[in-house]
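Q: Predicted coordinates and the sequence they were generated for:
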Amino acid sequence: MKIKILNRLHNIEIVEDVLTSCNAAIMRNNLNKIFIVNDIAKELRLEYLLHECVHNINHQLNLGFDEAMTDRLACGLTSLIKDNDWKKIEKEILNAK
Ligand SMILES: [Zn+2]
């Protein structure tokens, strides 16, 4: 799997174990890789992925987010993404007069 973050392509790998302060996922900016452990609940994988993406955006844009801010924003983004049909919203907003 791959994800583009601020124009940089990153590989997403599901792995057996990672060593990180975030417990179940880690982003290696120098490798353009995101690792997510395979034993977390599947319904949490998107949130962990978004958490690592927020870390990357924070790093690239020097936003000054700490771990708690990163976690809360990832939680909000996960809800925003999961609870809405973005293709439909995009179509509707582009076609609105
Ligand atoms: Zn983190």
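A: Yep, that arrived. The shown structure was predicted, so the numbers you read here are calculated from the model rather than taken from an experiment.
Q: Could you use CA atoms for every contact and neighbour count after this?
A: Noted.
Q: Give me the distance between the closest residue to Arg8 other than its chain neighbours and Arg45.
A: Counting by CA to CA, 6 or more residues apart in numbering, Arg8 lies nearest to Asn32, which is 7.8 Å off, once chain neighbours are set aside. With the distance defined as CA to CA, to the nearest Å, Asn32 ends up 18 Å from Arg45.
Q: What are the buried residues along the helix or strand containing Asn56?
A: Per DSSP states H and E: Asn56 is located in helix 42-61. By 16 or more other CA atoms under 10 Å, the buried positions in helix 42-61 come out as 45-57.
Q: So in that sheet, which strands flank the one helix or strand in the chain whose mean pLDDT sits lowest, and in what orientation?
A: None of the helices or strands of the chain scores lower by mean pLDDT, DSSP states H and E than strand 25-28, at a mean of 74. Strand pairing for strand 25-28, determined by DSSP bridges: strand 33-37 (antiparallel).
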